[in-house]
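Enquirer: Okay, here's the prediction I keep looking at, along with the sequence it came from:
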Amino acid sequence: MTASPSKPTGPRQPSANARKRSVARLQAVQILYRMEMTDEPPEVVLPDFLASASAGEVDGVALSQADIALLKDIVHGVFHRDQKDIDPMLVAVLPADWPLDRLESVMRAILRAGGFEMLAKADVPARVVINEYVDLAHAFYEGKEPGFVNGVLDKLARTLRPEEFSEGGGRDAP
């Protein structure tokens, strides 16, 4: 049987909107990292970052074309909820020998952003959140860290959204 010339036979390419959301997540992690390093709130860091990120592109998406609403939602959500909600959830699923303050700032930013989406973005399937942040971890790390992100976010997802992992309950749409 031969493949129809009108249908692609390779891996499915993400839509333009999915790429814009991925770029927004990357930028959110960068902003969260910067906020931790400078101890500045989003109201200071976001405008400066967005102005400087207007040039360049990631995966064919101009940084200026990122899903800005999602970017701001993640940054503000993590900033306003991390101490109260997100950090304790992460501590509960982290291995005992890896307390949150032992993790690198970039790793904390990735896990906090993923934790926020898992907690506050029920419209985004848990598996999509996990995959997005594992992909982001690959952008920053070459070792075992992406697997660590996968394990932590998977455990968090199974705690927060067990129905998505029950038989027939999963949703994998982007």
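Expert: Cool, the structure landed. Everything quoted here is computed from the prediction, not taken from an experiment.

Enquirer: as a whole number, average confidence for the strand or helix carrying residue 106?
Expert: Assigning secondary structure by DSSP states H and E places residue 106 in helix 105-120. Helix 105-120 shows a mean pLDDT of 97.

Enquirer: How far off centre is it?
Expert: 6 Å (Cα atoms, centre = their mean, to the nearest Å).

Enquirer: which helices and strands does it pack with?
Expert: Judged by 3 or more Cβ pairs under 8 Å, 6 or more residues apart in numbering; DSSP states H and E, helix 105-120 is in contact with helix 16-38, helix 68-81, helix 87-93, helix 126-140, helix 145-160. For the C-beta atoms, the positions are set from N, CA and C on the backbone; glycine is no exception.

Enquirer: mind checking which of the ones you listed is nearest residue 116?
Expert: helix 68-81 (4.5 Å; Cβ to Cβ).

Enquirer: What angle do helix 16-38 and that closest one make with each other?
Expert: 40 degrees (axes from the mean of the first three to the mean of the last three Cα atoms, to 10 degrees).

Enquirer: quick one: buried residues of helix 68-81?
Expert: Using 16 or more other Cβ atoms under 10 Å as the test for burial, helix 68-81 gives 70, 71, 72, 73, 74, 75, 76, 77, 78, 79, 81.
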